[in-house]
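Novice: need a structure here:
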Amino acid sequence: MAECRVEQQGAVLVAYLSGEIDHHAAGRLREQLDARILGAPVERVVLDFSGVGFMDSSGIGLILGRYRLLKELGGVLSVRGVSPQVSRMLQLSGLSSILMQEGGAKV
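Specialist: Residues are numbered from 1 along each chain as shown. A predicted model of the protein is given here:
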């Protein structure tokens, strides 16, 4: 089961993800993140994957949906703490070409 702890400092929202992100967890995480993104002025969201042990294609949908939402709102999505497994998923999906790691490096 995946968990999400969210902290906001000014216009930056950091979501600390942990556990396994699968179909069931992704829907719950999506609702939680969207509520926070839409509930307060946010310019940047950082998804921290350092606690994620497993992610399937549902995690890719979770990331892509938040990327699109933030783009519509004029915000930016970045990731950090990406494991080799998650990095490989991002590369295979093509998300690595549009996502930035925190600090500006490509995924």
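Novice: make it CA atoms for all contacts and neighbour counts henceforth
Specialist: OK.
Novice: so the residue positioned nearest the centre of the chain is in which element?
Specialist: The C-alpha lying nearest the average C-alpha coordinate of the chain belongs to Leu47 (CA atoms, centre = their mean; 3.8 Å). Using DSSP states H and E, Leu47 maps to strand 44-55.
Novice: got the buried residues for that strand?
Specialist: For strand 44-55, the neighbour count (16 or more other CA atoms under 10 Å) marks Arg44, Val45, Val46, Leu47, Asp48, Phe49, Gly51, Val52, Phe54, Met55 as buried.
Novice: Please identify which pair of those residues lies farthest apart.
Specialist: Greatest spatial distance in the buried residues of strand 44-55: Arg44 and Phe54, 24.5 Å, computed using CA to CA.
Novice: Could you check how many residues crowd around the closest residue to Ser93 other than its chain neighbours?
Specialist: Nearest residue to Ser93, sequence neighbours excluded (CA to CA, 6 or more residues apart in numbering): Ile60, at 7.4 Å. When counting by other CA atoms under 10 Å, one arrives at 19 neighbours for Ile60.
Novice: next one: His24
Specialist: Number of residues near His24 (other CA under 10 Å) recorded here: 12.
Novice: For the remainder of this discussion, apply numbering that starts at 51.
Specialist: Let's use 51 as the start, then, which means that last one is His74.
Novice: Can you give me the pLDDT of it?
Specialist: At His74, the model reports a pLDDT of 92.
Novice: With Gly153 instead?
Specialist: On pLDDT, Gly153 comes in at 61.
Novice: Asp84 and Ile148, how far apart?
Specialist: Distance of Asp84 to Ile148, computed by CA to CA, to the nearest Å: 20 Å.
Novice: no wait, Leu127
Specialist: According to CA to CA, Leu127 stands 10 Å off from Ile148.
Novice: The two: which is more packed in?
Specialist: Between Leu127 and Ile148, counting by other CA under 10 Å, Leu127 is the more crowded of the two (24 against 13).
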